[in-house]
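K.L.:
return atomic coordinates for the entry below.
(chains A and B)
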There are 2 protein chains.
Amino acid sequence: MSPLPIRLHVPGPTPLPDAVREAGARQMVNHRGPEFKALLGRVTAGLGRAFRTHDTILVLSSSGTGGLEAAVVNHLSPGDPVLAVTIGAFGDRFAKIATTYGADVTRLAMEWGRAAEAGDVAAAAREMAARGRAPAAVLLTHNETSTGVTNPVAELAAAARTVVPDVLVIVDAISGLGAVPFETDAWGVDVVVTGSQKSWMVPPGLAMVSVSERAWAAAERATMPRFYFDLAAHRKSAATGETPWTPAVGVCFALDVAIALLEAEGYEAIFARHRACGAAARAGLRALGFTLFADPAHASDTVTAAYVPDGLEWSALNGALKARGLILAGGQGKLAGHILRLGHLGAVTVNDVLAALAIIEDALIALGLPPGERGAALVEAVRAADASAQVPAGSAV
Amino acid sequence: MSPLPIRLHVPGPTPLPDAVREAGARQMVNHRGPEFKALLGRVTAGLGRAFRTHDTILVLSSSGTGGLEAAVVNHLSPGDPVLAVTIGAFGDRFAKIATTYGADVTRLAMEWGRAAEAGDVAAAAREMAARGRAPAAVLLTHNETSTGVTNPVAELAAAARTVVPDVLVIVDAISGLGAVPFETDAWGVDVVVTGSQKSWMVPPGLAMVSVSERAWAAAERATMPRFYFDLAAHRKSAATGETPWTPAVGVCFALDVAIALLEAEGYEAIFARHRACGAAARAGLRALGFTLFADPAHASDTVTAAYVPDGLEWSALNGALKARGLILAGGQGKLAGHILRLGHLGAVTVNDVLAALAIIEDALIALGLPPGERGAALVEAVRAADASAQVPAGSAV
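P.N.:
Purely as a prediction, here's the structure:
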């Protein structure tokens, strides 16, 4: 192990603040005692404020993918028509979960790198309705981690509802919620899933889910089998401050501390910080000669994907970055070897993005691909970060 | 919060050694990088030694109940005849999981407090076979946490196999494995499930599962739906040192350290320590005037259940114990209010049991039910612990 700092910039797990790390070292408590009950109450209240919802909040001990499974199996029955809007690997995974449990899935797949469009969602729902298979649910990805694209969830949900007013809108918000704006109630989203190791600055191990009244009503009719992920069992236990199965207590300790840190900073400030990080990452990578992967109009403020430069192998570039302490992610599925992904979510500032860009520049020089005037990308990045504060929230820079 | 030490004696989560706590405070790493890959290799190898098996070992990010669900849904199809042997609340849960996913479950339910008997298991399997429904699998509980009873798994597995030689034997070993003898290969157990927060001295968040070749063959035919708990996906990822979904990295750090601690002590010494703790708990509680709940011939060495004394409410007794820093568990299901459960598994010594007994004695005196000569129960307990070293492993004291 090198004594030099490791800069973890994968799109989750994200770096832990010291206070969160220290919470992970606490001694165990009885998960059916008063201390844990109080913690669960604080955590679910705090998550409700972050989700911007009055819906039920449940904490599951699993990765985000387990939360996605819960979001499918509790609200649908085998044979139910489902519109799965996919813009990348995680959208594909969501669709596959629904297929696995017997839903009749119609996929609306966008070219990777692009966001979904409201018109396409409405057209797909209309086409399903026309053949007597109006969707019972639409599955959306908020922030597609594999491509670095953020979907306009409010517009997509509204588009689906113009065709099927009571359609369940189920959203994978794993890698965006808490870092960029998300309005569960105002957008009418029925089920929202996030994961502890993303913007929450917490180790992986928890999926957090919100469930609307409409979704609870659907759960009473839904016949897909579920046990570990049975949300009704979770709701029943939550009423007495417990979880039905032993929760990941240490990760709950960490989440409790992290929510206090997030609220101390304030979500508007957090969104501005991620906006600045996203702007800096995109401007800096472009200035280093990278071609960005995502449609600029919908580029994510939590993860930036860029093509591996011509003439470089991903493994060589990644090796040079790792040797300098920078840990990035490569491409997933068909993008493996073709793109790199720089995560900038959670406990990350523009300064961290600048350090990552400096390391990337240094690696390119070492690999014989000097990216132009030394340090110029840092200037571009910091200027873009400054400029991001001048535009309205939600606009891409 | 009191400055005095809290003595956590529920049957999981168990107390964490300092080195394990500190591992839980480590900074995150890339879960798809070389550091995590090395960790997963060490952990699965160590678990194989503890499970006493050459079968595949997989690490799932869930509670033990998630591991039980995995053990069912990967190896069975809806309609498959299953013999569920239940001796308490966790056996009932295991049966319910199988029922939920559509298995044709025949329950062999023992009176709570008793172990299952080989003859009854063979008779039940024979009865099923006689009506053309020979069991595809038998579900067994190794150590029933709700009643404090340890089943003779070797005998029960052998009994089922005398009737159906290739029956899958699937065992919930959550609260016993690692603390009392268990021989996965020698006993021919196909699927074994344990959980991190029990004898492993680790926070909750991981289920660890072993899968035999026979069980993998069954998995290829099994049609119960699964995604998050799809063990084939876990096996495929494990081949490259990864997990299919983001693992609970912090809990994995803790498990890695804990396995090193367990191996430094040695499993024979660990088994002897739990035997001594069990003997001390039973002798001490009896000397304090408690009636033990479990059949003495099959009393668990990881958790002891005893009736709440006549004339006392559980809530009053529990309040007096908590005020003195002792955290016990009450009864589950129909036993709620009627029994208490003293956990003595994981990082626990006879000295901890003695301290718990001293607190219980003190509470009884305070509640006006003095249990006889002051301190006499401690003498009985420490003598029983000494005597436990004189009897062969596996014999109840």
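
K.L.:
which residues touch the closest residue to A:P203 other than its chain neighbours?
P.N.:
Take A:P203 and drop its neighbours on the chain: the residue closest to it by CB to CB, 6 or more residues apart in numbering or on different chains is B:G250, 3.7 Å away. Glycine gets a C-beta too; all of them are placed from N, C-alpha and C. Taking CB atoms under 8 Å, 6 or more residues apart in numbering or on different chains as the criterion, B:G250 is in contact with A:24, A:203-205, A:250-251, A:254, B:23-24, B:26, B:28, B:203, B:205.

K.L.:
and those, which is closest to B:G46?
P.N.:
The shortest gap between B:G46 and any of the contacts of B:G250 belongs to B:A23, at 14.1 Å (CB to CB).

K.L.:
hmm, B:F253 and the closest one touching each other?
P.N.:
Yes. Checked against CB atoms under 8 Å, the pair B:A23 and B:F253 is within contact range at 4.3 Å.

K.L.:
for A:G178, which residues are in contact?
P.N.:
Taking CB under 8 Å, 6+ apart as the definition of contact, the neighbours of A:G178 are A:50, A:194, A:198-200, A:262, A:267, A:270.

K.L.:
show the backbone phi and psi for it.
P.N.:
For A:G178, the backbone dihedrals (degrees, to the nearest 10) come out as phi 90, psi -20.

K.L.:
what pLDDT does it get?
P.N.:
Per-residue pLDDT puts A:G178 at 97.

K.L.:
now it: how far from A:G266?
P.N.:
According to CB to CB, to the nearest Å, A:G178 and A:G266 sit 12 Å apart.

K.L.:
now do A:N318
P.N.:
Distance, A:N318 to A:G266, by CB to CB: 36 Å.

K.L.:
likewise A:A98?
P.N.:
Counting by CB to CB, the gap from A:A98 to A:G266 is 36 Å.

K.L.:
if we can go back for a sec, quick check: which element contains the residue nearest to A:P203?
P.N.:
Element membership of B:G250, judged by DSSP states H and E, is helix B:249-265.

K.L.:
relative to helix A:249-265, how tilted is that helix?
P.N.:
Taking axes from the mean of the first three to the mean of the last three CA atoms, to 10 degrees, helix B:249-265 and helix A:249-265 form an angle of 140 degrees between their directions.

K.L.:
so which bits of helix B:249-265 are buried?
P.N.:
Under the neighbour-count criterion of 16 or more other CB atoms under 10 Å in any protein chain shown, helix B:249-265 has B:249-259, B:262 buried.

K.L.:
quick one, what contacts the residue most central in space within chain A?
P.N.:
By CA atoms, centre = their mean, chain A has its centre lying nearest to A:S175, at 1.1 Å. The contact partners of A:S175, by CB under 8 Å, 6+ apart, come to A:11-12, A:90, A:142-143, A:145, A:195, A:198-199, A:300, A:302-303, A:345.

K.L.:
and A:G132, by the same measure?
P.N.:
Counting by CB under 8 Å, 6+ apart, A:G132 has no contacts.

K.L.:
could you measure from A:A297 over to chain B?
P.N.:
A:A297 sits 29 Å away from chain B, going by CB to the nearest CB, to the nearest Å.

K.L.:
would you mind giving the secondary structure of that residue?
P.N.:
helix (DSSP: H, G, I helix; E, B strand; the rest coil).

K.L.:
ok, it touching A:A115?
P.N.:
Yes. With contacts counted by CB under 8 Å, A:A297 reaches A:A115, the gap being 7.4 Å.

K.L.:
more neighbours: these two, which one.
P.N.:
In this view A:A297 and A:A115 are compared by other CB atoms under 10 Å in any protein chain shown, and A:A115 has more residues nearby, 23 against 12.

K.L.:
I'd say the more buried one and A:T150 touch.
P.N.:
Yes. Proximity of A:A115 to A:T150 meets the contact threshold set by CB under 8 Å, at 7.0 Å.

K.L.:
show me the common contact partners of these two, please.
P.N.:
In contact with both A:A115 and A:T150: A:H298, using CB under 8 Å, 6+ apart.

K.L.:
where along chain A do the strands fall?
P.N.:
A:7-8, A:56-60, A:81-86, A:104-109, A:137-141, A:143-144, A:149-150, A:168-172, A:191-195, A:207-211, A:303-307, A:326-327, A:329-330, A:339-343 (DSSP state E).

K.L.:
so of the ones you listed, which one's packed in deepest?
P.N.:
Ranked by average neighbour count under the criterion mean count of other CB atoms under 10 Å in any protein chain shown, the strands of chain A are headed by strand A:143-144 at a mean of 32.

K.L.:
what's it in contact with?
P.N.:
Counting by CB under 8 Å, 6+ apart, strand A:143-144 makes contact with A:87-91, A:149-151, A:173-176, A:180, A:300, A:302-303, all of which sit outside it.

K.L.:
okay if I get the buried residues of helix B:249-265 as TSV plus distance to A:V353 and pLDDT?
P.N.:
Converted to TSV, the buried residues of helix B:249-265 look like this (distance: CB to CB, whole Å; pLDDT from 0 to 100):
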residue	distance to A:V353	pLDDT
B:V249	23	98
B:G250	25	98
B:V251	30	98
B:C252	28	98
B:F253	27	98
B:A254	31	98
B:L255	33	98
B:D256	32	98
B:V257	33	98
B:A258	37	98
B:I259	38	98
B:L262	42	98
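
K.L.:
roughly how far does the residue nearest to A:P203 sit from A:F253?
P.N.:
Note on B:G250: its distance to A:F253, by CB to CB, is 10 Å.

K.L.:
now the common contact residues for these two.
P.N.:
Counting by CB under 8 Å, 6+ apart, the residues touching both B:G250 and A:F253 are A:G24.

K.L.:
what about A:G372, how many residues close to it?
P.N.:
12.

K.L.:
am I right that A:A254 is in contact with A:E22?
P.N.:
No. Between A:A254 and A:E22 there is no contact, the gap being 9.0 Å when judged by CB under 8 Å.

K.L.:
and the helices in the stretch 251-397 of chain A?
P.N.:
Remark: helices of the stretch 251-397 of chain A, listed N- to C-terminal, are A:267-287, A:314-323, A:350-366, A:376-388; assignment by DSSP state H, counting those that start in this stretch.

K.L.:
and stretch A:285-305, end to end?
P.N.:
Using CA to CA, to the nearest Å, one end of stretch A:285-305 lies 10 Å from the other.

K.L.:
how about it, which residues are buried there?
P.N.:
Residues of stretch A:285-305 classed as buried under the neighbour-count rule (16+ other CB under 10 Å) are A:285-290, A:292-295, A:298-305.

K.L.:
stretch A:125-133 too?
P.N.:
In terms of neighbour count (16+ other CB under 10 Å), stretch A:125-133 has its buried residues at A:125, A:128, A:133.

K.L.:
distance of the last one relative to chain B?
P.N.:
According to CB to the nearest CB, A:R133 and chain B sit 21 Å apart.

K.L.:
so that residue is in contact with A:V82, correct?
P.N.:
No. If you go by CB under 8 Å, A:R133 and A:V82 don't touch, sitting 9.5 Å apart.

K.L.:
quickly list what's touching both of the two.
P.N.:
Residues touching both A:R133 and A:V82 by CB under 8 Å, 6+ apart: A:104, A:106.

K.L.:
list phi and psi for A:L328.
P.N.:
Listed backbone geometry of A:L328 is phi -110, psi 180, with angles given as degrees, to the nearest 10.

K.L.:
who are the contact partners of it?
P.N.:
A:L328 sits next to A:9-10, A:318, A:321, A:340-343, A:356 when contact means CB under 8 Å, 6+ apart.

K.L.:
and the gap between it and A:G46?
P.N.:
31 Å.

K.L.:
A:G24 and B:R93, how far apart?
P.N.:
Distance, A:G24 to B:R93, by CB to CB: 29 Å.

K.L.:
more crowded one of those two?
P.N.:
Remark: of A:G24 and B:R93, A:G24 carries more neighbours, 26 against 22, as counted by other CB under 10 Å.
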